[in-house]
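Q: Provide a 3D model corresponding to the input given below.
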Amino acid sequence: MCGIAGIYNFRSGSPVARAMIELMTRTLSHRGPDSQGVHVDREIGLGHRRLSILDLNDRGSQPMHSTDGRYSIVYNGEVYNYLELRKDLESKGHLFRTETDTEVVLALYEKEGVDCLKRLNGMFAVAIFDSVDRTLFIARDRMGIKPLYYACIPEGFAFASEAKALLASHTVSARVHPPSIDTYMRFGYVPGEQTLFEGVYKLLPGHWAKVTPNGLTISTYWDIPYAPNCVRSVEDTAEELRTLLLDAMRIHMRSDVPVGVFLS
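A: As a prediction, this is how the structure comes out:
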């Protein structure tokens, strides 16, 4: 896993302090022990802690920027069909500088915008800043495997892989949200978008958000479809499930480091 964090002072336009982003990412060092990266451009600051899985050299480090410098990305996760997506983008003339899935996600967003999410097969939490439109885009994978928290702060907007990184920025209060305590004691976690902290929220699975100088917009891009097939036999259903599981295992094996399996 990796860790991402950022602040966008869209309300005030005040420059983001580099030291603040470094402090946020430092709290996520356990998520990415291999390297740390920070990008600050006036009112936007992006931070990343890297656990190297694909393209292990420095060219795969983040924040990563598009060739023309317009877009900057911080990304946590893995898109398993990145090779197929890369091949499609190369057929349309895109030139890649790395072997990472991060660059594929960035290039796909350049080409298709929000619609790129429909083509990603994987687990991810991603943030992309458009330096021309001054727009911050964040998204979370369909099932919410990778975490992403956010808060609306006095000067704008903050996000991170873990709530404690938001608290480390000193722009977010550690004040507890009392109703969430009861919920946590009942279920062992806080469901939905709420968290234990007032003003700190989870971006829900299958959702994306955009932050512009005009404010925050959140939207759903995927939900579980319910379309039972009552005609299909048990044998056919079992065979389809087996095929899907084998395909998932095959595509999960893509890695430049050793792969392990946990059994329980």
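Q: helix, strand or coil for residue 230?
A: What DSSP: H, G, I helix; E, B strand; the rest coil gives for residue 230 is coil.
Q: neighbours around it, how many?
A: Applying other CB atoms under 10 Å, we find 4 residues neighbouring residue 230. Yep, even glycine has a C-beta here, placed from its N, CA and C like the rest.
Q: what comes up buried for the helix-or-strand element of the chain with minimal mean pLDDT?
A: The weakest-scoring helix or strand in the chain, judged by mean pLDDT, DSSP states H and E, is helix 234-252 (a mean of 89). Across helix 234-252, burial judged by 16 or more other CB atoms under 10 Å covers residue 251.
Q: does anything pack onto it? Which helices or strands?
A: Contacts defined by 3 or more CB pairs under 8 Å, 6 or more residues apart in numbering; DSSP states H and E place helix 234-252 against no helix or strand at all.
Q: okay, now the closest residue to residue 37 other than its chain neighbours: neighbour count?
A: Closest residue in space to residue 37, ignoring its immediate chain neighbours: residue 48 at 4.7 Å, by CB to CB, 6 or more residues apart in numbering. When neighbours are defined as other CB under 10 Å, residue 48 has 30 of them.
Q: quick check: bridge partners of residue 48?
A: Beta-bridge pairing for residue 48 (DSSP bridges): residue 4, residue 37.
Q: what does the least confident helix or strand of the chain contact?
A: 80, 81, 121, 229, 259 (CB atoms under 8 Å, 6 or more residues apart in numbering).
Q: let's go with 7 Å and repeat that
A: 80, 81 (CB atoms under 7 Å, 6 or more residues apart in numbering).
Q: quick check, distance from that helix to the centre of its chain.
A: Remark: helix 234-252 is offset 27 Å from the chain centroid, using CA atoms, centre = their mean, to the nearest Å.
Q: which ones are touching the residue lying closest to residue 120 once chain neighbours are set aside?
A: By the measure of CB to CB, 6+ apart, the closest residue to residue 120 outside its immediate chain neighbours is residue 79, 5.1 Å from it. Contact analysis of residue 79 by CB under 7 Å, 6+ apart lists 101, 104, 105, 120, 121, 122, 124.
Q: what do you get if the cut-off is 10 Å, keeping everything else the same?
A: The contact partners of residue 79, taken as CB atoms under 10 Å, 6 or more residues apart in numbering, are 54, 85-86, 100-102, 104-105, 108, 119-124, 126, 141, 251, 254.
Q: go on, residue 185?
A: Contacts of residue 185 by CB under 10 Å, 6+ apart: none found.
Q: now swap in residue 105 and tell me
A: Neighbour list for residue 105: 64, 73, 75, 77, 79, 82, 85, 116-117, 119-120, 122, 124, 126, 128, 139 [criterion: CB under 10 Å, 6+ apart].
Q: swap in residue 191?
A: When the contact criterion is CB under 10 Å, 6+ apart, the partners of residue 191 are 180, 183, 184, 202.
Q: residue contacts, the third one?
A: Remark: with contacts taken as CB under 10 Å, 6+ apart, residue 184 is in contact with 177, 190, 191, 195, 196.
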